[in-house]
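*Asks:* coords please:
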Amino acid sequence: MSTDIFNICYFGDPMTISERMFQALDEKGKKAKDLADFLHVNSGQISMWKKRNADPKAEQIFNICEFLEVTPEYLLTGKESPPAPDPEDPMLSQIISLYKKLSDVQRGELIGYARRMVEEQEIIEGNLIPSNGTGGTRPDSASPVAAGSVAL
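*Replies:* The predicted structure is shown next:
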């Protein structure tokens, strides 16, 4: 097995911070000189990082991420972070607060119910074809889901 394949399998992304930084510059159409100006460093410093494949100092990481519009996790590891929930969505905060008060059994039931609701919505929108006849029907007027009377 080659060293590169071994590193990818066991250590994840084999790119260095510097390589990811320059890749992000290229992908976003930004210039190294603009990064240097943003960081208040000499453009020769940026060139050195590229030529020597040297990583920037730790205290520069957050500013580089801000300039490149990437997360520190991405720059350091190559992994994307999942988007954080919108803290300004009051319903989401209420749902989370209520969820935390449920027992494990109730949480499982709630997750199952939510999955069925999403599947029904996808069927209504034509995005999903029911595969096994369970939960894959369009709610009718007699359905508690359609009537909005399902108790959690």
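*Asks:* any weak-confidence spans in the chain?
*Replies:* Scanning the chain for pLDDT under 70 picks out the ranges 1-13, 81-87, 128-152.
*Asks:* please redo it, this time with the cut-off set to 80
*Replies:* 1-14, 81-90, 93, 126-152 (pLDDT under 80).
*Asks:* the helices in the chain, which residues?
*Replies:* Assigned by DSSP state H, the helices in the chain fall at 3-11, 17-27, 32-39, 43-52, 61-68, 72-77, 90-100, 104-124, 144-147.
*Asks:* Mean neighbour count added to these, as JSON lines?
*Replies:* C-beta here means a position set from N, CA and C on the backbone, and glycine is covered the same way. Shown next, in JSON lines, are the helices of the chain (neighbours: other C-beta atoms under 10 Å):
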{"stretch": "helix 3-11", "mean neighbour count": "10"}
{"stretch": "helix 17-27", "mean neighbour count": "17"}
{"stretch": "helix 32-39", "mean neighbour count": "16"}
{"stretch": "helix 43-52", "mean neighbour count": "15"}
{"stretch": "helix 61-68", "mean neighbour count": "17"}
{"stretch": "helix 72-77", "mean neighbour count": "15"}
{"stretch": "helix 90-100", "mean neighbour count": "11"}
{"stretch": "helix 104-124", "mean neighbour count": "13"}
{"stretch": "helix 144-147", "mean neighbour count": "12"}
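*Asks:* Show me how the protein divides into domains.
*Replies:* 3-77, 90-147 (automatic domain parsing).
*Asks:* Glu19 contacts Asn53, correct?
*Replies:* Yes: applying C-beta atoms under 8 Å, one finds Glu19 in contact with Asn53, separated by 6.8 Å.
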